[in-house]
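Q: Coordinates for the following, if possible.
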Amino acid sequence: QELLPISLDQAVLDWHVLREDEDERGNARRRILLVVANRGLVDDYLEACRAAELELVGVDLEAFGLLRALADPGKRVVEGEPAAFVGVALGHDRSTFGVSDGQVCEFARVLAWGGATLDTVIARERNVDLADASRIKRSISLADSTLVPDGLSHDEAERVREVVRREVY
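A: Have a look, this model is predicted:
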């Protein structure tokens with residue numbers, strides 16, 4: 001219970017054994033991916049499928065789809081060689097973070113942080129509304145300080161980059 005992000009009575013659990021081996025004493029060890037979903041959200045999907053008379057065959061974790069969408073299908077993972085693939089999807093109110101060994105998702109988190117947070121800090125810095133802040137966010141670059149969004153001076157763009165860096169890093 002202390003490891004789960006929600007209480008057990010509100011959770012739907014599933015797991016997948018990622019690896020099985022033995023420790024130095026011969027005891028069995030398993031590395032297990034545990035997936036926890038909010039029962040209310042799952043029940044809503046089940047009810048929608050029932051109402052539409054659709055047979056639901058599975059529910060997928062957003063991070064799994066993210067990793068599949070970003071993975072290079074032609075890249076082969078060599079057994080025994082270390083590999084890591086990280087996928088991040090920044091949403092408006094939340095962001096999804098997934099880590100794979102190249103074959104299976106090893107770690108996933110949904111963070112209550114998204115682009116709206118950047119809109120807010122930019123709006124505060126520039127004293128503009130959220131729509132203008134969002135426009136600035138989409139046109140600013142942290143990698144290229146020579147890119148200056150329309151309507152901003154170079155110094156203003158640098159101040160925006162700094163508040164964004166503080167929020168992101």
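Q: which stretches of this structure form strands?
A: Along the chain, counting by DSSP state E, strands occupy 11-22, 28-38, 85-90, 95-100, 105-111.
Q: Of those, give the one that comes closest to Leu142.
A: Closest to Leu142 of the strands of the chain is strand 85-90 (CB to CB; 13.1 Å). To be clear about C-beta, it is placed using only N, CA and C from the backbone, and glycine gets the same treatment.
Q: buried stuff in the closest one?
A: Neighbour counts using 16 or more other CB atoms under 10 Å place Phe85, Gly87, Ala89 of strand 85-90 among the buried residues.
Q: and what of stretch 92-102?
A: In stretch 92-102, counting by 16+ other CB under 10 Å, buried: Ser95, Thr96, Phe97, Gly98, Val99, Ser100, Gly102.
Q: Which residues outside it are in contact with it?
A: By CB atoms under 8 Å, 6 or more residues apart in numbering, the residues outside stretch 92-102 that reach it are 62-64, 66-67, 71, 75, 77, 83-89, 105-116.
Q: make it 7 Å
A: 62-63, 66-67, 77, 83-89, 105-116 (CB atoms under 7 Å, 6 or more residues apart in numbering).
Q: From these, list just the buried residues.
A: By neighbour count, with 16+ other CB under 10 Å, the contacts of stretch 92-102 hold Ala63, Leu66, Leu67, Phe85, Gly87, Ala89, Cys105, Glu106, Ala108, Val110, Gly114, Gly115 as buried.
Q: related to what we said a few turns ago, which one of the strands of the chain lies nearest to Leu130?
A: With distances scored as CB to CB, the stretch of the strands of the chain nearest to Leu130 is strand 85-90 (16.4 Å).
Q: that older thread, now distance to Glu167 and pLDDT too, for the buried ones among the contacts of stretch 92-102, in a markdown table please.
A: Shown next, in a markdown table, are these (distance: CB to CB, whole Å; pLDDT from 0 to 100):
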| residue | distance to Glu167 | pLDDT |
| --- | --- | --- |
| Ala63 | 22 | 89 |
| Leu66 | 22 | 92 |
| Leu67 | 25 | 91 |
| Phe85 | 25 | 87 |
| Gly87 | 21 | 92 |
| Ala89 | 17 | 93 |
| Cys105 | 27 | 85 |
| Glu106 | 27 | 84 |
| Ala108 | 23 | 88 |
| Val110 | 18 | 87 |
| Gly114 | 11 | 93 |
| Gly115 | 11 | 94 |
